[in-house]
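Q: generate a structure from the sequence data that follows.
(4 chains)
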Amino acid sequence: MINVSVQPAPIDLPAELAAVEIKGAGGIASFIGTVRGDGGVTELTLEHYPGMTEGALIGLAEEAFARWGLLGVTIVHRVGAMVPGDHIVFIATAAPHRKEALESCAYLIDRLKTDAPFWKQEKRGGEAAWVEAKASDGAAAERWT
Amino acid sequence: MINVSVQPAPIDLPAELAAVEIKGAGGIASFIGTVRGDGGVTELTLEHYPGMTEGALIGLAEEAFARWGLLGVTIVHRVGAMVPGDHIVFIATAAPHRKEALESCAYLIDRLKTDAPFWKQEKRGGEAAWVEAKASDGAAAERWT
Amino acid sequence: MQLLYFAWVRERIGTGAETLDPPQAVRTVADLIDWLGGLSPGHAEAMREPAKLRAAIDQAFVPLDAELGHAKEVALFPPVTGG
Amino acid sequence: MQLLYFAWVRERIGTGAETLDPPQAVRTVADLIDWLGGLSPGHAEAMREPAKLRAAIDQAFVPLDAELGHAKEVALFPPVTGG
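A: The predicted structure follows:
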């Protein structure tokens, strides 16, 4: 079961976590990415490419589903304005055994960082700046190929 | 912040997840182990070594905390009688960045499987049988040393 | 051809979408970037450093030397930073 | 000395805890397993295959050749299967 959502609304973690629990799953791994308040960030805005974003996330989910023999995959990514502490992304994978759940969850967040069309803008007080892509994200995505 | 619990009560996932969210964490990884109903298992009973169990889990949590520079670690392990679908164990790690959160979460579940004094007994209909340790668990724990 | 712009590419150009009809000589994404740079001061500023741009044709990432072919929708944007 | 038994070790012996005073010659965990095997048919059944037993002295895992020393609490059990 694949569940992908790109939404301005806050992520309902308990509901999303409950939804990915599939009868027969022995392990459920999840990852939550949050807005960090360090460096004086007061607001974070996520822009995306409607249509392509959903397609990219479904593609990644299907790839992980097949590669690790998963029972369930959920990817929820928030867009729009957020403040420190808010959840940006929630990824959860359910598998018969823990290894597949843990690996596929790490895979999905690594690949999402380079393969899905999102852009972050940070506000520090009145100053807005687009976040630059990190070389380490490219390296992290590469290790799965 | 380290939070360890060995309890007969069901694991309150939303509360535990919320508790591990620390101001400043950029990533929170978690793992849920559940009772699998395959192979005709109707009930699972977890026995443990009171006192030593808590000590072993706190030891593992402290080790991960230091090794990955974590901001928070939660380990909740249920004991007593459970049925398929119930949550046996919940592990969550909070870190400034995703890599540390994901790795330390995988580390903790691998090490918990070999380093904490729990024993599983499965019931299939009227038949009770103690679960045998898996060689693969030993190998999974070894890879972190 | 539908052009879409995101993040600072959108901000510099001053719009997120426009419909344009590039000349026949514009065969690749790189050609398109070059041609767009001549349209206005905002376009020039956005297209100034092609090495900092990424592209998608009909919602699939492509390298800048990709042929436009019969593309209906071409998007230009900086490297992605989601998650 | 406080002896603790878990899982099928406990079931075979018929109790989870007992206080015993092993003779001086019992120096290691392996010696203890050997000695316990002579106490009752249940103990004999539980201690029959030492290779399937694991041990902890004062709540720390030890190999079977570990010296008992001044151990206050010794636990015997099968390999752990939590998580």
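Q: skipping adjacent residues, who's closest to the residue in chain A that chain D sits nearest to in space?
A: In chain A, the residue that lies nearest chain D is residue A:98 (7.9 Å; C-beta to the nearest C-beta). The way it works is simple: take the backbone N, C-alpha and C, and place the C-beta from them, glycine included. Nearest residue to residue A:98, sequence neighbours excluded (C-beta to C-beta, 6 or more residues apart in numbering or on different chains): residue A:27, at 3.8 Å.
Q: quickly list what the one you found is bridged to.
A: residue A:95, residue B:33 (DSSP bridges).
Q: any idea how far chain C is from it?
A: For residue A:27, the distance to chain C equals 22 Å [C-beta to the nearest C-beta, to the nearest Å].
Q: I figured that residue hits residue B:30, correct?
A: No - the criterion here is C-beta atoms under 8 Å, and residue A:27 misses it with residue B:30 at 10.9 Å.
Q: list the contacts for residue 78?
A: Using chain A. Applying C-beta atoms under 8 Å, 6 or more residues apart in numbering or on different chains to residue A:78 gives the contacts A:6-11, A:46, A:86-89.
Q: nope, chain C please
A: The contact partners of residue C:78, by C-beta under 8 Å, 6+ apart, come to A:119, A:130, A:132-133, C:6-9, C:52-54.
Q: put the alpha carbons of stretch A:41-58 into CSV.
A: Output in CSV follows, covering the C-alpha atoms of stretch A:41-58 (Å, rounded to 0.1, in the frame of the first residue of the first chain):
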residue,chain,number,x,y,z
VAL,A,41,15.8,30.8,11.3
THR,A,42,12.4,32.2,12.1
GLU,A,43,10.4,30.8,9.2
LEU,A,44,10.9,28.2,6.4
THR,A,45,8.8,28.2,3.2
LEU,A,46,8.7,25.1,1.0
GLU,A,47,7.9,25.7,-2.7
HIS,A,48,7.3,22.7,-5.1
TYR,A,49,6.4,21.8,-8.6
PRO,A,50,2.8,20.7,-8.4
GLY,A,51,2.2,17.5,-10.4
MET,A,52,5.8,16.6,-10.9
THR,A,53,6.3,16.4,-7.1
GLU,A,54,3.6,13.9,-6.5
GLY,A,55,4.8,11.9,-9.5
ALA,A,56,8.4,11.9,-8.2
LEU,A,57,7.3,10.7,-4.7
ILE,A,58,5.1,8.0,-6.1
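Q: give me the buried positions along that stretch.
A: A:41, A:43-44, A:46-49, A:52-54, A:56-57 (16 or more other C-beta atoms under 10 Å in any protein chain shown).
Q: what of stretch A:22-37?
A: By 16+ other C-beta under 10 Å, the buried positions in stretch A:22-37 come out as A:22, A:24-36.
Q: what of stretch A:57-65?
A: For stretch A:57-65, a neighbour-count test (16+ other C-beta under 10 Å) marks A:57, A:60-61, A:63-65 as buried.
Q: give me the subset of the buried residues of stretch A:41-58 touching chain C.
A: Residues of the buried residues of stretch A:41-58 in contact with chain C (C-beta under 8 Å from any C-beta of the partner chain): A:46-49, A:52.
Q: using CSV, please lay out those residues together with distance to chain B, secondary structure and pLDDT.
A: Output for these, formatted as CSV (distance: C-beta to the nearest C-beta, whole Å; DSSP: H, G, I helix; E, B strand; the rest coil; pLDDT from 0 to 100):
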residue, distance to chain B, secondary structure, pLDDT
A:46, 15, strand, 98
A:47, 20, strand, 98
A:48, 19, strand, 98
A:49, 22, coil, 98
A:52, 23, helix, 98
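Q: would you turn those into CSV with distance to residue B:80?
A: Formatted as CSV, those follow (distance: C-beta to C-beta, whole Å):
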residue, distance to residue B:80
A:46, 44
A:47, 49
A:48, 46
A:49, 50
A:52, 49
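Q: mind listing the strands for the chain?
A: Picked chain A for this. Here chain A has its strands, by DSSP state E, at A:2-7, A:27-34, A:43-48, A:72-78, A:80-82, A:87-95, A:118-124, A:127-130.
Q: hmm, no, I was thinking of chain C.
A: C:2-5, C:17-19, C:54-57, C:60-62, C:73-77.
Q: so which of the ones you listed gets nearest chain D?
A: Counting by C-beta to the nearest C-beta, chain D lies closest to strand C:60-62 out of the strands of chain C; the figure is 39.6 Å.
Q: okay, now the sheet partners of the closest one, with direction.
A: With DSSP bridges as the test, strand C:60-62 is paired with strand C:54-57 (antiparallel).
Q: average pLDDT for the strand it pairs with, rounded please.
A: The pLDDT scores in strand C:54-57 average 98.
Q: do the same with stretch A:85-105
A: 97.
Q: circling back: can I get the strands of chain C in CSV with mean neighbour count?
A: Shown next, in CSV, are the strands of chain C (neighbours: other C-beta atoms under 10 Å in any protein chain shown):
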stretch, mean neighbour count
strand C:2-5, 19
strand C:17-19, 11
strand C:54-57, 20
strand C:60-62, 16
strand C:73-77, 21
